[in-house]
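Asker: Show me how the following folds:
(one chain, ligands or ions: 1)
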Amino acid sequence: MENSAVTVAVRVRPFSAREKAEKATQVIFMNGQETNVQHPESRQSYSFTYDFSFCSVDGDDPTFASQKTVYKTLARPLLQRAFEGFNTCLFAYGQTGSGKSYTMMGFEEEAGVIPRFCQELFMKLASMEDEELRVREHPVHGPYVAELSGWLELGNKQRATAATGMNDKSSRSHSVFTLVMTQTKVHNSVFTGEEHDHSISSRINLVDLAGSERCRTAQTSGERLREGASINKSLLTLGKVISALSEQVLTRKKVFIPYRESVLTWLLKESLGGNSKTAMIATVSPAGTNVEESLSTLRYAQQARTIINVAKVNEDTSAKLIRALRGALAADAACLTGQCETCCSNWNTVMQQISSDCGTSC
Ligand SMILES: Nc1ncnc2c1ncn2[C@@H]1O[C@H](COP(=O)(O)OP(=O)(O)OP(=O)(O)O)[C@@H](O)[C@H]1O
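Answerer: Numbering: from 1, shown residues only. Purely as a prediction, here's the structure:
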């Protein structure tokens, strides 16, 4: 089991055509892990510290964070953990038009986290094939590798979009892209020569949330407004869940976490406060005209950073048994044949561990 805080990053996008036309000023600045906001009206400045701050305002800036930088820094470590058998999750949160979809999906030449993650995952699997690990096809769902980009495209097409006052192509739903990876290795027993399966699995959630816009700013109406209300309800619940989890850590007391109040939080239950290595990317606009929304996103992200997850490698019971036996063998490699007391006591400890794991007194 590993306790780990949710990794939180913030990304600020370039000025949009609209913001340029409005001659909006830049109010968000980044320096190392720090993100600073200078309020254009109150002149007050706010400082936040995150695990990573990605400044993507100006391509000529030496600290400019490209799609590749974001992927390498935030998502690639999660891919590594997935291969170790941990559940992983990366979710993007932010105001409409702040760059969530750009970060998660991107475009062909500027591919985002999801296509890069999938590409690297399958490249890694292919290289493991050379080490005689077979990448199997699912009996029902067929060959993943060839089909994956098609599935991604289909999912994206079905994701309804509509213009809002803030974004010409705004996502009208949350998108949860889930991959379940199971690695099965076959070991031969040193005692009997029999084969044992060792399986580890990982659930990978890559989530692009709908915009957290306020209806007033987004100037939506009718159907869009109704959609907005339901999207806001799930985001509100997500906020409640994050705040309850944060309170739980700060007060060290058990707090009721309202996961069941929305489908979104129910789906992300393990990713938030549960068995998962989780990262969040909060996206913001650089412009003074969006400062209030950006501040609210940054506060949300700050709170998420206090959440502690308890992740463990997902392996099957027989794999646990093999690991425990191997541990005992390694400890006693020097006296494998002896019936010495150390061997016996190690053996008993292993057997106790196994019986407590499977709930019997074998
Ligand atoms: N880092 C970036 N570099 C270049 N362009 C960006 C960047 N981030 C966002 N954009 C552009 O800004 C616009 C809005 O971005 P995007 O659609 O990703 O926002 P969003 O947060 O997903 O919005 P919504 O919640 O409405 O779906 C798009 O035209 C996108 O190409």
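Asker: the helices in the chain, which residues?
Answerer: 17-21, 67-70, 76-84, 100-104, 113-130, 144-158, 215-218, 222-251, 263-267, 291-304, 317-331, 341-358 (DSSP state H).
Asker: for the record, mean pLDDT for the last one?
Answerer: Confidence over helix 341-358, taken as the mean pLDDT, stands at 56.
Asker: Ok, the longest one next?
Answerer: For helix 222-251, mean pLDDT is 79.
Asker: what's the answer for stretch 18-38, then?
Answerer: Mean predicted lDDT for stretch 18-38 stands at 94.
Asker: That one: end-to-end distance?
Answerer: 21 Å (CA to CA, to the nearest Å).
Asker: do stretch 25-42 as well
Answerer: Distance between the two ends of stretch 25-42: 14 Å, counting by CA to CA.
Asker: Help me see whether that stretch makes contact with the ligand, please.
Answerer: No - applying CB under 6 Å from any ligand atom, one finds stretch 25-42 out of contact with the ligand, separated by at least 12.8 Å. Backbone N, C-alpha and C define where each C-beta goes, glycine included.
Asker: Pick out the residue of the stretch 201-350 of the chain closest to the ligand.
Answerer: residue 211 (2.9 Å; CB to the nearest ligand atom).
Asker: Now do that residue: how many residues are near it, please.
Answerer: 26 (other CB atoms under 10 Å).
Asker: My guess is it contacts residue 97. True?
Answerer: Yes - the pair residue 211 / residue 97 is scored as a contact, 6.9 Å apart, by CB atoms under 8 Å.
Asker: if we can go back for a sec, not counting sequence-adjacent ones, nearest residue to the residue of the stretch 201-350 of the chain closest to the ligand?
Answerer: Closest residue to residue 211 apart from its sequence neighbours, by CB to CB, 6 or more residues apart in numbering: residue 96 at 2.9 Å.
Asker: Pretty sure that neighbour sits against residue 212.
Answerer: Yes - using CB under 8 Å, residue 96 is in contact with residue 212, at 7.4 Å.
Asker: In contact with the spatially closest residue to residue 88 that is not a sequence neighbour, which residues?
Answerer: Using CB to CB, 6+ apart and skipping the chain neighbours, the partner closest in space to residue 88 is residue 78 (4.2 Å). Neighbour list for residue 78: 88, 89, 90, 117, 204, 277, 279 [criterion: CB atoms under 8 Å, 6 or more residues apart in numbering].
Asker: any idea how far the ligand is from residue 78?
Answerer: 20 Å (CB to the nearest ligand atom, to the nearest Å).
Asker: repeat for residue 57
Answerer: Residue 57 is 9 Å from the ligand, by CB to the nearest ligand atom.
Asker: ok, now which ones touch that residue?
Answerer: Contacts of residue 57 (CB under 8 Å, 6+ apart): 12, 13, 14, 15, 26, 64, 286.
Asker: Just give me the closest of those residues to the ligand.
Answerer: Closest to the ligand, out of all of the contacts of residue 57 and judged by CB to the nearest ligand atom, is residue 13, at 3.4 Å.
Asker: Quickly note the distance from the closest one to residue 110.
Answerer: Using CB to CB, to the nearest Å, residue 13 is found at 12 Å from residue 110.
Asker: Please apply the same query to residue 246.
Answerer: In terms of CB to CB, residue 246 sits 34 Å off from residue 110.
Asker: What of residue 41?
Answerer: With CB to CB as the criterion, residue 41 and residue 110 are 34 Å apart.
Asker: out of these two, which sits in the more crowded spot?
Answerer: Between residue 41 and residue 110, residue 110 has the larger neighbour count (other CB under 10 Å), namely 11 against 8.
Asker: Measure how buried whichever residue of the stretch 1-150 of the chain sits closest to the ligand is and give me the count.
Answerer: When distances are taken as CB to the nearest ligand atom, the stretch 1-150 of the chain reaches nearest to the ligand at residue 99, 2.8 Å away. For residue 99, the count of nearby residues is 24 (other CB under 10 Å).
Asker: swap in residue 240?
Answerer: 16.
Asker: Over to residue 77?
Answerer: For residue 77, using other CB under 10 Å, the count is 14.
Asker: For it, list the residues it contacts.
Answerer: Taking CB under 8 Å, 6+ apart as the definition, residue 77 has no contacts.
Asker: what do you get if the cut-off is 10 Å, keeping everything else the same?
Answerer: 7, 88, 277, 279 (CB atoms under 10 Å, 6 or more residues apart in numbering).
Asker: Same question for residue 69.
Answerer: Counted by CB under 10 Å, 6+ apart, residue 69 has contacts 11, 52, 54, 56, 63.
Asker: give me phi/psi at the last one?
Answerer: Residue 63 adopts backbone torsions of phi -90, psi 10, taken as degrees, to the nearest 10.
Asker: ok, so what distance separates the nearest residue to it once chain neighbours are set aside from residue 259?
Answerer: Once flanking residues are discounted, residue 63 sits nearest to residue 55: 5.6 Å by CB to CB, 6+ apart. According to CB to CB, residue 55 stands 34 Å off from residue 259.
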